[in-house]
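>>> Build the 3D model from these lines:
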Amino acid sequence: MTALLLDPDDQTPGSSLARNPSISDLDNEVSKERNRLVGSGEMAVGHLCYAALEHASEAITHTDQKICAVFAWLGTPGKVGESCRMAGGIMKDIMGWMMSNPIKTFLMFAGLGGTVYKGKTISAFMKDKGQFFIDWSTSESTSRTQRFMGFCALMTVRLFVSTLVPPTSPAFGIIITKATPENDKWTAMPFFLAAATVAGVMPYLLDKVFQICTGEDFRYTKFMKWFAESWPLTCWTPPIMMKVFQGIGGGKLGSSTAVIVAHAAPFMGAQTTNLQRYFLPHPLDTIISQPFGMTEDLLSMAMAEALSNAVLASQSLSCIMLTFNLAQFLIFSGRKDLEAFLCFLINALAAFFFANLVSRYELRVAFYLVGVQLFTQMFVVPFITHLVGLKNQGNEAAQQQESRIKELTERCTEREGKIKELENKNKELGKKNKELEDKNKALEPKPKPKPWK
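Numbers count the residues shown, from 1 in each chain. From the prediction side, this is the model:
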């Protein structure tokens, strides 16, 4: 949400969004950038995803250093006050939007409050309607391929249901978890992400179907943008995306950042997928950005799996940690971050230890052990590798200092030798000069004696 912290008046003068524009001006800028991306066929979100993965890998591998950096930032004079001013600016923008849209604000709070108040009823309703799907998916006659196709259909339904009622989004993750047999629980998250990616292509396909029928592209996307702006439970989504686009300064970076922020925000993934092509028209951008909209769903799935199968939760946690450690070493540091590789090795040992330990206890105790594993792999292991790294750095620094002193000593000895050599040469030159002076004196004509008068 960093883009929301930017003041429009602080943008660079060269940007077309340097001043506070109207909604129509922002919409025109987004449309221009979309048309430019369509004409060039560019992807926009790939480099942002790469940067996000790099940041996540570094943060998970070097958690202790990130924590120290946060405390150092908090200790910097003026930083806290600046953050408070930025937060105040965000609240001012939110209050301004609420004051200018009182009916939407009332309906939004009423709708969200109603979904929270009737949360158990909605959950029971979805569980009852999804029970047939769960029974079909967990039956022995259903193959993995058929189950995956069913997940794709379920995630496509999610696009429309969770756009109408955004808080229902995590329920689909729970349904997929329950619809996975016990011996195939490890496939729940991979199938979930893959099915969400397939469902993310649906808006592009619907746009192309309407284009064949009407001759105009983006018909479905524009309708979903209008619906999201009008529907009380999603009316905040397009304004937030426009605000991010404006805060970044527009262009390809503004469009991609707006989509990523909207996907990462709670209960905004489904409607963002439906209107995403309004900002990023390339279908691969929709596919790549899908995992960012699955945050609350993945968390709900992880909690459900941990509560039902602690061993699988331990193994999943270790897999995530080891993947980020290895990515930091091999990809993002170019095999130069040896602390990341050491962290990978220690976390691998910790993974085997906790997997064996968790399997020996009942579910309640095993669940707490998974929490201890998370703390160990995310905080203790990076701290240990950092200490080892500091020790190695200290040894290397001492060796470098010794070699430097030795090099300086050799240079001093060499210079002393050169000075002595120059002194000897000066002595020889002094002797030669004296000999030449004596010869010159001997060659000088002696004065004739004056005659006597």
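>>> gap between the helix or strand harbouring residue 173 and the chain center?
For residue 173, the host element (DSSP states H and E) is helix 169-178. Chain-centre distance of helix 169-178: 25 Å, with C-alpha atoms, centre = their mean, to the nearest Å.
>>> Identify each buried residue in the helix or strand following that helix, please.
Per DSSP H and E, the first helix or strand lying C-terminal to helix 169-178 is helix 188-200. By 16 or more other C-beta atoms under 10 Å, the buried positions in helix 188-200 come out as 188-189, 191-200. The way it works is simple: take the backbone N, C-alpha and C, and place the C-beta from them, glycine included.
>>> got the angle between helix 188-200 and helix 169-178?
Relative orientation of helix 188-200 versus helix 169-178 (axes from the mean of the first three to the mean of the last three C-alpha atoms, to 10 degrees): 130 degrees.
>>> Nearest spatial neighbour of residue 133, chain-adjacent residues omitted?
Of all residues not flanking residue 133 in the chain, residue 179 sits nearest, at 6.1 Å (C-beta to C-beta, 6 or more residues apart in numbering).
>>> For residue 126, see how far away the one you found is.
13 Å (C-beta to C-beta, to the nearest Å).
>>> what about the two, which has more around it?
residue 179 (22 against 17; other C-beta atoms under 10 Å).
>>> Quick check on that one: phi, psi?
Per-residue torsions, residue 179: phi -90, psi 0 (degrees, to the nearest 10).
>>> Let me see the contact set for it.
130, 133-134, 137-138, 147, 150-151 (C-beta atoms under 8 Å, 6 or more residues apart in numbering).
>>> Weed out the non-buried ones from those residues.
130, 133-134, 137, 147, 150-151.
>>> Need the residues that contact the helix or strand harbouring residue 131.
Using DSSP H and E, residue 131 maps to helix 119-138. Here helix 119-138 makes contact (C-beta under 8 Å, 6+ apart) with 115, 142, 147, 150, 154, 165, 167-168, 171, 175, 178-181.
>>> can you rerun that using 10 Å?
Applying C-beta atoms under 10 Å, 6 or more residues apart in numbering, the contact partners of helix 119-138 are 114-116, 118, 142, 146-148, 150-151, 153-154, 157, 161, 165, 167-168, 170-172, 174-182, 184.
>>> Just the buried residues of those residues.
Of the members of these, the ones counted as buried by neighbours, 16+ other C-beta under 10 Å, are 115, 142, 147-148, 150-151, 154, 161, 165, 167-168, 170-172, 174-180.
>>> need the contact list for residue 258.
Here residue 258 is in contact with 3, 30, 238, 240-248, 250, 272, 276, 278-280 (C-beta under 10 Å, 6+ apart).
>>> how far out from the middle of the chain is the helix or strand where it lies?
Residue 258 is part of helix 251-264, with elements assigned from DSSP H and E. Computed by C-alpha atoms, centre = their mean, the separation of helix 251-264 from the middle of its chain amounts to 13 Å.
>>> I'd like the next helix or strand past it.
Past helix 251-264, the next helix or strand by DSSP H and E is helix 269-275.
>>> Just the buried positions in that next one, please.
269-275.
>>> And stretch 364-379, by the same measure?
366-367, 369-370, 373-374, 376-378.
>>> What mean pLDDT does it get?
Averaged across stretch 364-379, pLDDT comes to 89.
>>> Could you do stretch 202-211 as well?
Mean pLDDT, stretch 202-211: 92.
>>> And the residue nearest the centre of this structure?
The central residue of the chain, meaning the one whose C-alpha is nearest the mean C-alpha position (C-alpha atoms, centre = their mean), is residue 52 at 2.1 Å.
>>> and the angle from whichever helix or strand that one is part of to helix 251-264?
Using DSSP H and E, residue 52 falls within helix 46-61. Relative orientation of helix 46-61 versus helix 251-264 (the same axes, to 10 degrees): 50 degrees.
>>> Dump helix 46-61 to CSV, keeping only the CA atoms.
The C-alpha trace of helix 46-61 is given here as CSV (Å, rounded to 0.1, in the frame of the first residue of the first chain):
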residue,chain,number,x,y,z
GLY,A,46,6.5,-9.6,-14.3
HIS,A,47,9.3,-7.4,-13.0
LEU,A,48,7.2,-6.4,-10.0
CYS,A,49,6.6,-10.1,-9.2
TYR,A,50,10.3,-10.8,-9.5
ALA,A,51,11.1,-7.9,-7.2
ALA,A,52,8.5,-9.0,-4.7
LEU,A,53,9.8,-12.6,-4.6
GLU,A,54,13.4,-11.3,-4.2
HIS,A,55,12.3,-9.1,-1.2
ALA,A,56,10.4,-12.1,0.3
SER,A,57,13.3,-14.4,-0.1
GLU,A,58,15.7,-11.9,1.5
ALA,A,59,13.3,-11.1,4.3
ILE,A,60,12.7,-14.8,5.2
THR,A,61,16.4,-15.8,4.9
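>>> That's all I had, so thanks and see you.
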